[in-house]
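Chemist: This is a predicted model, with the sequence first.
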Amino acid sequence: MDTQTIAGLDLPTPKPGPSRDVYRGVVLVLLGGALLGTAAAIVGADMFSNTVLLDVAVTLGISTGILTGVAVAQTVRSRPPKIPKIDEELAAPEPVTEIETATLPEELSKWDIAKVSPRLTAVRVWIADWFKNHGAVGIIRLGTAVVGVVGIILVLRSTIPEISPTPMFAGISAGVCLIAAGLAATAVRYLSELDPSFLPEASGLCKGARVIGWLLILAAISEGLSWAGQQAIVRVLQCFILAVDAGVCYGLLTVHVPDGESPEVFPLDLGVFSLLGSRTNILGSVLDTGERQLGIDLRSTWAVEVVRRSIVPIILGLIFVGWLSTTLTVVGVEEQGLVETLGVPAQGQPLGPGLHLHWPWPIDNVYRISVQRIQSLTVGHEGEEEGGPENVLWAVQHAANEFTLVLGNGRDLITIDAAVTYRIIDPRAWRYHSQNPAEALKAISYRAVMRNTVNRTLSDALSENVVTLTNTMRDMVQRDADALGLGVKVENFTVGGMHPPVPVATDYEAVVSAQLAKVTAVANAQAFRNQTVPAAQASALASENDARAEGAQNLSVAAGEAWSFRTIESQYRSSPSEYFFRRRLETLENNLGGRHFTIVDSRIQRDGGDLWLTQ
């Protein structure tokens with residue numbers, strides 16, 4: 001850099017204007033793609049409860065922070081260098097004046113300002129130096145690492161249930177991840193050809209793009225495995241993706257910027273990028289990192305060379321051996337096996353217990369069916385009952401979904417808690433004579449229940465002999481199963497209980513107890529009548545007598561008041577002025593009695609006195 005000497009200081013020569021970064025648009029395009037991918041992954045994970053997309057969101061979020069730091073570094077580098085002011089460089093700093101404790105409140109004057117003020121000043125200076133040394137690029141680097149760690153913790157603590165995605169969603173999300181991996185590969189090819197003098201971060205971005213591409217490929221594989229129900233393998237891949245993200249965050253927190261390197265360059269010399277992204281081949285990248293760390297050419301080691309050359313044949317051989325292992329099938333003691341050759345059932349007897357050899361998959365498929373295990377299905381309700389002792393009260397719902405059957409003329413309803421136990425005796429008929437044999441057996445079980453209850457009233461059904469009823473329904477189910485060729489033997493038809501529907505339990509109990517309540521209510525009403533009517537009659541007679549006495553008394557009082565009013569009227573007519581004067585004196589006597597007062601009249605002025613009233 002050209003310098004000039006001013007006042008004994010070597011200062012950089014200012015450029016005529018800011019230089020335009022030709023690769024700024026490339027970084028902004030990558031930043032926009034990473035930001036868009038992060039938002040899409042977050043929205044998709046929230047809408048479809050997909051944990052794989054959460055891992056993708058964390059990975060792309062960290063990439064967004066790194067690209068933001070690179071864009072800011074480009075902006076800083078494009079600015080012209082500032083020339084420090086000579087007067088400010090040479091001027092001595094002003095001494096810090098001490099704060100006079102006399103001007104502080106009494107509460108603050110108790111503190112030792114000489115001890116507190118230097119500490120605050122040191123903290124303020126440390127913060128200012130930290131921001132000055134790190135700058136915007138350093139702040140973005142540390143902020144990206146912190147946000148990435150928080151995102152990893154949130155993903156690990158997430159309570160999203162493990163739900164297998166639909167084939168359409170799994171295909172779409174895996175395809176998008178593969179497209180994003182292809183874009184990352186394109187970015188790798190472009191960044192690898194850039195001159196580091198124009199974009200110092202090109203090498204680090206190239207390595208990071210390789211790592212992101214492989215992580216996106218793992219995310220696509222995870223979506224396929226999640227659709228296939230292989231949740232254990234999916235969790236392992238997710239842990240690996242989050243471990244790589246954690247390594248990137250740790251590298252951003254602990255990366256050391258060399259003294260000779262410009263602080264305007266975003267540091268991307270991260271261990272994870274060097275370990276996994278130095279080359280397109282991850283194994284080769286790991287070997288290169290080992291050579292740099294150990295100083296030994298691992299490729300020259302004969303054992304590693306042998307393994308490297310034979311790794312592909314070994315993998316292919318293992319795949320071939322695994323494929324040949326599909327020619328062997330072990331049939332359990334309680335099972336029989338049915339062989340299908342290219343989708344066509346093989347003739348002959350089913351395979352018995354033991355080890356059997358046949359054509360490999362996909363030529364032959366062997367379906368093992370248990371023929372000794374007693375199986376059961378529920379009739380009258382769906383779902384499993386809660387654990388613990390069974391609640392035998394009929395007013396309590398025993399399963400998540402109980403069905404209600406119509407009885408008689410359609411006015412009565414009943415709920416049946418039953419179970420059918422059966423055993424498969426002909427596996428070939430069980431598999432090939434019906435597409436859904438278990439559903440067919442359940443359907444004929446419900447039909448047997450309907451046939452034995454449709455012509456009965458609720459009272460008849462509840463009073464029916466349960467043993468006779470279950471035997472009848474078992475024989476009916478067996479006949480229908482034989483007619484459909486299901487190949488099963490119905491062992492037993494058990495009725496746990498028959499009762500009115502649980503939702504009407506309160507009403508049904510009220511109806512049962514209504515007759516007893518009726519007799520009790522009639523007796524209580526009669527007793528209440530015998531007790532209340534005489535008391536009411538006596539109370540009415542007493543009230544009538546009291547009213548008459550009170551009326552006579554009120555008439556006497558009213559007559560007296562009338563004669564008194566007439567007397568006063570006559571006095572007023574004889575002398576109105578004397579009446580008003582007397583009434584005034586009576587009022588004054590009533591109001592002023594027992595009070596102290598002073599009378600002032602016109603004689604006070606006659607006698608030479610004055611009265612001043614002030615407010």
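Modeler: Right, received. Where do you want to start?

Chemist: all strands for the stretch 301-450 of the chain, in order.
Modeler: 328-331, 335-341, 344-345, 354-357, 364-370, 375-379, 381-382, 401-402, 405-407, 412-424 (DSSP state E, counting those that start in this stretch).

Chemist: Pick the most buried one from those strands.
Modeler: Among the strands of the stretch 301-450 of the chain, ranked by average contacts under mean count of other CB atoms under 10 Å, first place goes to strand 412-424 (a mean of 19). For every residue, glycine as well, the C-beta is placed using N, CA and C.

Chemist: still on that earlier bit, relative to Gly208, which of the strands of the stretch 301-450 of the chain is closest?
Modeler: strand 364-370 (45.7 Å; CB to CB).

Chemist: Send me the closest one as CSV with only the CA atoms.
Modeler: What follows is strand 364-370, C-alpha atoms only, in CSV (Å, rounded to 0.1, in the frame of the first residue of the first chain):
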residue,chain,number,x,y,z
ASP,A,364,-39.0,-65.0,-4.2
ASN,A,365,-40.7,-63.5,-1.2
VAL,A,366,-41.6,-65.5,1.9
TYR,A,367,-44.5,-64.4,4.1
ARG,A,368,-44.5,-66.0,7.6
ILE,A,369,-47.9,-66.5,9.2
SER,A,370,-48.5,-67.6,12.8
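
Chemist: quick one on the thing from earlier: will you turn the strands of the stretch 301-450 of the chain into TSV that also has mean pLDDT?
Modeler: What follows is these, written out as TSV (pLDDT from 0 to 100):
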stretch	mean pLDDT
strand 328-331	84
strand 335-341	86
strand 344-345	84
strand 354-357	86
strand 364-370	85
strand 375-379	80
strand 381-382	61
strand 401-402	56
strand 405-407	54
strand 412-424	75
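
Chemist: got JSON lines for those, with distance to Ser577 too?
Modeler: Below are the strands of the stretch 301-450 of the chain laid out as JSON lines (distance: least, CB to CB, whole Å):
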{"stretch": "strand 328-331", "distance to Ser577": "136"}
{"stretch": "strand 335-341", "distance to Ser577": "132"}
{"stretch": "strand 344-345", "distance to Ser577": "136"}
{"stretch": "strand 354-357", "distance to Ser577": "141"}
{"stretch": "strand 364-370", "distance to Ser577": "127"}
{"stretch": "strand 375-379", "distance to Ser577": "110"}
{"stretch": "strand 381-382", "distance to Ser577": "104"}
{"stretch": "strand 401-402", "distance to Ser577": "100"}
{"stretch": "strand 405-407", "distance to Ser577": "102"}
{"stretch": "strand 412-424", "distance to Ser577": "98"}
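
Chemist: do you know which of those strands lies nearest Ala517?
Modeler: That would be strand 412-424 among the strands of the stretch 301-450 of the chain, by CB to CB, at 22.2 Å.

Chemist: What's the mean pLDDT across stretch 64-76?
Modeler: Across stretch 64-76, the average pLDDT comes to 87.

Chemist: Tell me how far that stretch lies from the chain's centre.
Modeler: Relative to its chain's centre, stretch 64-76 lies at 34 Å (CA atoms, centre = their mean, to the nearest Å).

Chemist: And for stretch 474-494?
Modeler: How far stretch 474-494 lies from its chain's middle: 47 Å, per CA atoms, centre = their mean.

Chemist: first vs last residue of that stretch, how far apart are they?
Modeler: Distance between the two ends of stretch 474-494: 9 Å, counting by CA to CA, to the nearest Å.

Chemist: hmm, back to that, which one of the strands of the stretch 301-450 of the chain lies nearest to Phe528?
Modeler: Comparing those under CB to CB, the one sitting nearest is strand 412-424, at 36.9 Å.
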